[in-house]
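**Student:** next comes the sequence, and after it the predicted model I'd like to discuss.
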Amino acid sequence: MNKLYYRKQFLLVFLISILVSIATMYVSLSNGTFDISPLEAIRTLLGLEKSNDYSMVIFEFRLPRIVIGALVGFALGIAGSVLQGITRNQLADPGILGIHSAAGMTIVLYMFFLQGSVDGASWLSILNMSFFGWIGGTIAAIFLFLFSQNRGSVDPKRIILVGIALNAGFSAITLYVSLKMNPQDFEMATVWLSGSIYSASWQQILAILPWIVILVPILCWKSRILDVLQFDDVTATGIGVHKDRERFILLLCCVGLVSAGVSVSGSIGFIGLIAPHIARRLVGIHHQYSLPISGTIGMVMVLIGDFIGKTIFSPAELPVGIVISIIGVPYFIYLLFRSRK
């Protein structure tokens, strides 16, 4: 009976979140500095509208931005849910554990050493940024496991403390390197680090898509292992789960998702913190259901945040990372007080 209830609840929430995402995409597609009526937007998408202006606005500017926002939000939502499962701590997310800042640090170092020759729209730059972001995230994952060891085993509570320290260290290095950049690169790095998707392109979509297509099924396949890791280490070992190995595999998969997202959108915080909490409230604690819902809720959050950033403050645009932070900081404080009860 419980399984049937959770399955129905999952399907209902999944359907609603997808519909909300589609509605947000539709509204975002037809609204902006250059307004397009809903009918004209649909006709352009179907290839029935002959206006070159409409085609350029939708296919070159708005649609890539919307798709990137959806993919990044989906990836960060799932990564946050997995990280909270690994650490058994509901305050964990890619930003707090230092994965965001590590990926950002290596990408900023890549920008710094090339000295003005980084073209964010070229294939080579996009692939290099993804690669360097993955290197940074992997470094953070290795440090997390090395420094969170307690008597030969990984202590989930220490992972949070080590992650906070790593986050501060990587952020400090990023700030120091960015101050050494020339003005053009500094401006590019600052806008990118604030979490912006306004310069999204189809090349960036193709760069992040393989990470999601490969890693998300692996994480969903290991959802039952995540459920087992919620028990204490003795119980998990007794069930037959190699806890440290599984945690490291899951962490590397999260690193891939987060690094791919950071490489195309910069650091968008709090998605990995808030989305899993909402998902657990809606569909329960089983990761088989909460992982996909965390992804779709993260998708909705980024899409709505980006729409708010580009319309409410028009003609200026506020990066989606700042909009999400404005929402996320009060929610994080609420979680801190709630966890003390």
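**Tutor:** Structure's in. What do you need? Values in this document were obtained by computation on a predicted structure and should not be read as measured data.

**Student:** what about residue 13, neighbour count?
**Tutor:** Residue 13 has 20 neighbours, counted by other C-beta atoms under 10 Å. All C-beta spots, glycine's among them, are computed from the backbone N, C-alpha and C.

**Student:** that one reaches residue 282, doesn't it?
**Tutor:** Yes - in this structure, residue 13 is within contact of residue 282 by C-beta atoms under 8 Å, at 4.8 Å.

**Student:** anything in contact with each of those two?
**Tutor:** Common contact partners of residue 13 and residue 282 (C-beta atoms under 8 Å, 6 or more residues apart in numbering): residue 293.

**Student:** where exactly do the helices run in the stretch 101-250 of the chain?
**Tutor:** Applying DSSP state H, counting those that start in this stretch to the stretch 101-250 of the chain gives helices spanning 123-147, 156-179, 183-193, 202-221, 223-228, 233-239, 243-265.

**Student:** need the ones you listed in TSV with mean neighbour count, can you?
**Tutor:** Formatted as TSV, these follow (neighbours: other C-beta atoms under 10 Å):
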stretch	mean neighbour count
helix 123-147	20
helix 156-179	17
helix 183-193	17
helix 202-221	17
helix 223-228	18
helix 233-239	13
helix 243-265	24
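
**Student:** could those go into TSV alongside distance to residue 114?
**Tutor:** TSV is the format used below for the helices of the stretch 101-250 of the chain (distance: least, C-beta to C-beta, whole Å):
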stretch	distance to residue 114
helix 123-147	9
helix 156-179	12
helix 183-193	8
helix 202-221	18
helix 223-228	39
helix 233-239	45
helix 243-265	15
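
**Student:** any low-confidence regions in the stretch 51-200 of the chain?
**Tutor:** Residue ranges of the stretch 51-200 of the chain with pLDDT under 70: 51, 115-123, 152.

**Student:** skipping adjacent residues, who's closest to the residue nearest the centre of the chain in space?
**Tutor:** The residue lying closest to the centre of the chain (C-alpha atoms, centre = their mean) is residue 76, at 2.4 Å. Spatially, and ignoring its direct neighbours in sequence, residue 76 is nearest to residue 271 (4.0 Å; C-beta to C-beta, 6 or more residues apart in numbering).

**Student:** the one you found contacts residue 301, correct?
**Tutor:** Yes - contact criterion C-beta under 8 Å: residue 271 and residue 301 qualify, at 5.8 Å.

**Student:** more neighbours: those two, which one.
**Tutor:** Taking neighbours as other C-beta under 10 Å, residue 271 and residue 301 compare with residue 271 leading, 32 against 26.
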